[in-house]
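S.K.: sequence-free structure coming up:
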């Protein structure tokens, strides 16, 4: 969906209802991907046009909200960069912190996806929208069945019993362990932008 269309829908919904959630925007008739919803809503919070309270966004200044149409706001939200994440060439074995626990790259992604499932109880289709396939071939997530097909010689996913997730519609989901630094950085930026903060150890 074009970002201009997303901005228009969110602006109109806020004018009409005053308070909205990203989850509501994701459902019919709008079907706005979570990443786009959170991005535009984050802009509105930065403009002091909207107030965030837990998962609800409330319009507090309609005039300031018009700022999302005037070209002064970029398409992507301002994401706080995590300075030490960029490293020199070579194998990166850095550790990262999520919810006060230290992880390797792959384990950190598993922890974030697990937290999202815990917090939102999404269907598999909803989960796919939040975690798009940025890792070539393997994606971020996959069904357990498909993951087994993509792991003929060794596991390309976290597939132990305690690592398998289940969505609202009872789909068994696993998270890939195939992370290079560049793709992990993309994941970090994406997740920090929607409120799941990952920092260096």
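M.R.: Ah, there it is. This is a predicted model, so every value here is computed, not measured.
S.K.: Quick check: buried residues in stretch 40-51?
M.R.: Judged by neighbour count (16 or more other CB atoms under 10 Å), stretch 40-51 contains these buried residues: 40, 41, 42, 43, 44, 47, 49, 50. Backbone N, C-alpha and C define where each C-beta goes, glycine included.
S.K.: Pop the domain breakdown of this structure in here.
M.R.: 3-69, 83-200 (automatic domain parsing).
S.K.: tell me the average confidence for the longest one?
M.R.: So the one you mean is domain 83-200. The pLDDT scores in domain 83-200 average 89.
S.K.: do the same with the shortest one
M.R.: Averaging pLDDT along domain 3-69 yields 82.
S.K.: ok now it, how far from the chain's centre?
M.R.: Put simply, domain 3-69 sits 16 Å off its chain's centre (CA atoms, centre = their mean, to the nearest Å).
S.K.: Can we start the residue count at 769 from this point?
M.R.: Yep, numbering from 769; the last one is domain 771-837 now.
S.K.: hmm, back to that, which ones among the buried residues of stretch 808-819 lie within helices?
M.R.: The helices, defined by DSSP state H, take in 808, 809, 810, 811, 812 from those.
S.K.: is it true that the second one touches residue 790?
M.R.: Yes - if you go by CB atoms under 8 Å, residue 809 and residue 790 touch, sitting 6.3 Å apart.
S.K.: Overlap in contacts, these two.
M.R.: Jointly contacting residue 809 and residue 790 under the rule CB atoms under 8 Å, 6 or more residues apart in numbering are residue 825.
S.K.: Quickly note the distance from residue 824 to residue 957.
M.R.: Noted for residue 824: a distance of 24 Å to residue 957, by CB to CB, to the nearest Å.
S.K.: Settle it for me: which of these two has more neighbours?
M.R.: Higher neighbour count among residue 824 and residue 957: residue 957, with 17 against 14, using other CB atoms under 10 Å.
S.K.: just to confirm, which helix or strand has that one in it?
M.R.: helix 949-960 (DSSP states H and E).
S.K.: same deal with residue 941?
M.R.: Using DSSP H and E, residue 941 falls in strand 940-943.
S.K.: and that strand, what does it pack onto?
M.R.: Applying 3 or more CB pairs under 8 Å, 6 or more residues apart in numbering; DSSP states H and E, one finds that strand 940-943 makes contact with helix 873-888, strand 909-911, helix 912-917, strand 933-934.
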